[in-house]
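Asks: Below is the structure, and that's it, no one-letter string:
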């Protein structure tokens, strides 16, 4: 039972254009969402996050949109650069449950390739 | 910054032996550390959560006697794979967060374990 789904295993865009990476979730208890970028044989690097009380968060070239009713979020990268080529993971957290840790549930990732 | 290191970055061991992987937070104190496992083209699967000074909490299906986790200080957690088998071959990644109530985790670079 995959609670966080990234249905596109790969995406290819031209340099300078917009990259849109999508993520869907099924657990309505999730209240915080994060995007991570990962290069091969390296650990994920935090990119941007959004709380469920917001519908948009922007940081430079990266913007995350959250549609709670659709249980959908997306990461927009504009303009895309060749250095953005990596695997992007969507992650979600259900918050503090009786003092437990803020565990993250990850999607399978989307491989983004930005062509020069 | 929030830098997390792992050692070793890769290890090859023989079936039946034990392997210890270290995870260190270099420039902050990590109240909580997480251990993940990643198979090729799959998402990061949480194995266990450890809070400094407490016993680790293992996810369902993860054998606690096989994957021993110790979090003895605020900057170090270790994962020991005991009596390793070829099916334990995987990419193991740790992450650390500053507090138990933090959504944001900082990931190490990962350890590639190959059991022959």
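Replies: Looks like it arrived, so ask away. These figures come from a predicted structure and were not determined experimentally.

Asks: and residue A:23, what does it touch?
Replies: Counting by C-beta atoms under 8 Å, 6 or more residues apart in numbering or on different chains, residue A:23 touches A:4-6, A:33, A:72-75, A:90, A:107. C-betas here are computed from N, CA, C, even on glycine.

Asks: can I get these in CSV with pLDDT?
Replies: Formatted as CSV, these follow (pLDDT from 0 to 100):
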residue, pLDDT
A:4, 94
A:5, 95
A:6, 96
A:33, 94
A:72, 97
A:73, 97
A:74, 98
A:75, 98
A:90, 96
A:107, 94
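
Asks: and the nearest residue to residue B:96 once chain neighbours are set aside, what does it touch?
Replies: Leaving aside its chain neighbours, residue B:96 sits nearest to residue B:30 (3.5 Å; criterion: C-beta to C-beta, 6 or more residues apart in numbering or on different chains). Going by C-beta under 8 Å, 6+ apart, residue B:30 touches B:4, B:52, B:74-75, B:77, B:96-98.

Asks: at 7 Å what do you get?
Replies: B:74-75, B:96-98 (C-beta atoms under 7 Å, 6 or more residues apart in numbering or on different chains).

Asks: Relative to residue B:94, how far out is it?
Replies: From residue B:30 over to residue B:94 the distance is 9 Å, taken as C-beta to C-beta, to the nearest Å.

Asks: same deal with residue B:22?
Replies: Taking C-beta to C-beta, one finds residue B:22 at 9 Å from residue B:94.

Asks: Equivalent analysis for residue A:103, please.
Replies: Distance from residue A:103 to residue B:94, by C-beta to C-beta: 14 Å.

Asks: Same drill for these two, tell me which one is more crowded.
Replies: residue B:94 (31 against 19; other C-beta atoms under 10 Å in any protein chain shown).

Asks: Does the more buried one lie in a helix or a strand, and which?
Replies: strand B:90-97 (DSSP states H and E).

Asks: Which SSE is immediately downstream of that strand?
Replies: strand B:106-107.

Asks: bridging residues for the residue in chain B that chain A sits nearest to?
Replies: Here chain B gets closest to chain A at one residue, residue B:107, 3.4 Å apart by C-beta to the nearest C-beta. Beta-bridge partners recorded for residue B:107 (DSSP bridges): residue B:95.

Asks: Return the set of buried residues in stretch A:31-44.
Replies: A:31-38, A:43-44 (16 or more other C-beta atoms under 10 Å in any protein chain shown).
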